[in-house]
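**Student:** Give me coordinates for this.
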Amino acid sequence: MRLPIAERVRSIQQSDIRRYSAICAAMGGVNLSQGVCDQPAPAQVKDAACRAIAADHATYTNLRGIAELRSAIARKMRDFNGIECDPETEVCVTVGAAGAFACAALATLNPGDECITFSPFYSYHVNLVQVIGGKVVYVDLHPPDWTFDPAALEAACTDRTRMIVINTPANPTGKVFSAAELKQIAALAVRRNLWLVTDEIYEYITYDKPHVSVGSFPAARERTLTISGASKTYAVTGWRVGYVVGNADLISRLAVLNDLFYICAPAPLQHALLAGLALPEEYYTRMRADYRRKREVLVDTLRAIGFAPYVPEGSYYLLAAYPKGRWSSARAAAEAILEQVGVATVPGSAFYRNPADGDRQLRFCFAKKSADLQEACARLRRLATGTCQPVPSRGNA
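**Tutor:** Model (predicted):
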């Protein structure tokens with residue numbers, strides 16, 4: 001007799017990102033699939049975490065996060081995002097941006113409610129909405145510049161629509177939504193009385209195009225939940241400290257959900273984010289320049305081996321198309337590249353409403369140490385020479 005399990009988890013499976021990362025680690029390859037951001041965190045951030053641990057900041061914090069951090073987030077939101085918020089009532093520190101999104105979805109969606117997201121999409125957004133019983137409705141982004149049709153967005157709305165999810169800069173496309181695009185989305189949200197949930201975790205990683213927060217528009221402020229965190233900006237993806245900013249009434253409910261699910265974000269690491277938010281502007285300038293160099297290294301490599309990369313405007317991911325007929329599918333391409341040269345990627349089909357739309361694309365992550373990225377690119381260039389041999393697993397090496 002099979003033990004009962006909840007319907008909501010019957011179809012849950014490990015993502016391709018996690019699966020290819022695990023295979024890559026086992027064979028000693030170079031992982032360009034998962035956005036682990038394996039670069040050194042700023043010394044100031046690490047030192048602050050160590051000081052907080054030494055000072056025994058080891059107990060529960062306020063369910064909204066430590067007061068000093070909420071005040072720093074409010075200053076950053078004002079100065080960088082153009083959003084005024086009250087640190088006492090309109091800010092909640094969460095267990096990563098993923099925890100913020102989970103609480104936001106639970107606070108705004110009932111089972112059967114609809115949530116609009118753009119395709120290609122970030123799978124955690126889609127999967128979380130589906131797990132809680134929401135219905136995802138997709139609006140396509142069109143390469144090479146990942147534009148959307150405003151009429152298609154309008155047509156996606158129904159009487160059950162409650163939320164539009166925005167990810168800018170976006171994973172996996174690297175799209176940075178323009179002010180004009182965000183104003184179109186905001187105007188629709190006002191007309192339809194919808195929530196806007198915007199995941200801006202890559203907000204500091206942009207190239208030649210400014211980051212704009214939809215919550216900075218007066219008409220959208222009260223209906224927007226803005227999510228960000230420490231993970232990508234300070235290269236601490238495993239520390240799990242994020243935050244969400246929005247109107248006081250909803251944030252009060254989000255804070256209770258945050259307490260129910262997580263109690264609080266890790267106490268010493270909240271102090272680490274506080275130190276990160278105090279870093280000078282030159283830190284962000286250097287970070288962007290470093291990612292720009294790495295983006296160009298990867299783009300040049302992909303073009304040299306016959307791929308057509310969609311050069312990202314932000315984040316540290318890109319999608320790239322390979323010539324028709326080179327592999328039978330994106331999954332076959334990812335598996336062949338992993339086996340032949342030991343570089344992990346992600347099938348583009350994993351990110352699309354219609355998987356066939358991404359079945360000649362792979363996603364690459366360039367948030368790597370320079371030496372590791374150079375090694376990955378050297379391996380990828382072997383695909384063009386025909387010299388590649390299957391990479392032995394670490395256990396057989």
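**Student:** Could you export stretch 146-159 as PDB, CA atoms only?
**Tutor:** Taking C-alpha atoms only, stretch 146-159 is exported to PDB below (Å, rounded to 0.1, in the frame of the first residue of the first chain):
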ATOM      1  CA  TRP A 146      13.200  40.100 -25.600                       C
ATOM      2  CA  THR A 147      10.400  42.600 -26.200                       C
ATOM      3  CA  PHE A 148       6.700  41.800 -25.400                       C
ATOM      4  CA  ASP A 149       3.500  42.700 -27.100                       C
ATOM      5  CA  PRO A 150       1.400  45.000 -24.800                       C
ATOM      6  CA  ALA A 151      -1.700  43.700 -26.500                       C
ATOM      7  CA  ALA A 152      -0.700  40.100 -25.600                       C
ATOM      8  CA  LEU A 153      -0.200  41.200 -22.000                       C
ATOM      9  CA  GLU A 154      -3.600  42.800 -21.900                       C
ATOM     10  CA  ALA A 155      -5.200  39.700 -23.400                       C
ATOM     11  CA  ALA A 156      -3.600  37.500 -20.800                       C
ATOM     12  CA  CYS A 157      -5.700  39.200 -18.100                       C
ATOM     13  CA  THR A 158      -8.900  37.600 -16.900                       C
ATOM     14  CA  ASP A 159     -11.300  38.000 -14.000                       C
END
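**Student:** residues contacting residue 176?
**Tutor:** 168-170, 206, 209-212, 313-314 (Cβ atoms under 8 Å, 6 or more residues apart in numbering). From N, CA and C alone the C-beta is placed, and that goes for glycine too.
**Student:** And the pLDDT at it?
**Tutor:** In the predicted model, residue 176 carries a pLDDT score of 98.
**Student:** how far does the lengthiest helix in the chain sit from the chain's center?
**Tutor:** In the chain, taking DSSP state H as the definition, the longest helix is helix 281-304. Taking the mean of its C-alpha atoms, helix 281-304 sits 18 Å from the chain's own mean (Cα atoms, centre = their mean, to the nearest Å).
**Student:** which parts of it are buried?
**Tutor:** Within helix 281-304, the residues that qualify as buried are 283, 287-288, 291, 294-295, 297-299, 301-302, counting by 16 or more other Cβ atoms under 10 Å.
**Student:** In the next helix or strand after that helix, which residues are buried?
**Tutor:** On the C-terminal side of helix 281-304, the closest following helix or strand by DSSP states H and E is strand 308-310. Neighbour counts using 16+ other Cβ under 10 Å place 309-310 of strand 308-310 among the buried residues.
**Student:** So what are the sheet partners of the helix or strand just after strand 308-310 and their directions?
**Tutor:** Note on strand 308-310: by DSSP H and E, the next helix or strand toward the C-terminus is strand 317-321. The sheet places strand 317-321 alongside strand 308-310 (antiparallel), strand 361-365 (antiparallel), with pairing taken from DSSP bridges.
**Student:** So which of those is nearest residue 47?
**Tutor:** strand 361-365 (27.4 Å; Cβ to Cβ).
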